[in-house]
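Enquirer: Coordinates only, no sequence provided:
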């Protein structure tokens, strides 16, 4: 992908040198949906960063001033015009609006450059920060999948199922205002 710049961030392909920063937030993932991506050690982080560097759907989110990886986005094309989106950020950088800034830039790119008609995201019902982010992006909650998926097991080894919400946003909703709100025009590709 071509890098995308915002006021404070650069969205770009992963690089192998992102391994250490990736390890910082994936050695103990905060959100259950990322437990399967947990990195056991720095060698696993190097392999994961190398793998992601070859996948345009995996997007590194870096501070513009230092190029430090602070999180990532994904954009998996499900159909010709439908894209599954998501995010995972290092908790050390939470509360600064980086996830919103990065996701807005990605949404602008997907709708305005990549021809997406519909974006959707899955969020566990207990993940309030991601629910708020979806809503700030202009996404609407479309449904609740009861006991949809399991990321953990109980002490006896039985799956613990989680309720999952689906949020979505259509291009026409984005064009009518969507996530841009007071942020003004969408970011430009670098």
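Expert: Done, it's in. Computed from a prediction, not measured in an experiment: that's the story for all the values here.
Enquirer: What average pLDDT does stretch 112-121 get?
Expert: The average pLDDT within stretch 112-121 is 96.
Enquirer: Buried residues, it. List them.
Expert: For stretch 112-121, the neighbour count (16 or more other C-beta atoms under 10 Å) marks 116, 118, 119, 120, 121 as buried. Bear in mind the C-beta positions are built from the backbone N, C-alpha and C, glycine included.
Enquirer: Contacts made by that stretch with the rest, please.
Expert: The contact list for stretch 112-121 (C-beta atoms under 8 Å, 6 or more residues apart in numbering) reads 81-86, 107, 110-111, 130, 134, 139, 142, 166-171, 186, 189.
Enquirer: where do the helices sit along the protein?
Expert: For the chain, applying DSSP state H gives helices covering 19-26, 42-52, 98-112, 128-136, 171-175.
Enquirer: Of all the ones you listed, which one is nearest residue 6?
Expert: Judged by C-beta to C-beta, the one of those that comes nearest to residue 6 is helix 98-112, at 4.9 Å.
Enquirer: Just want the angle from the closest one to helix 128-136.
Expert: Relative orientation of helix 98-112 and helix 128-136, computed by axes from the mean of the first three to the mean of the last three C-alpha atoms, to 10 degrees: 40 degrees.
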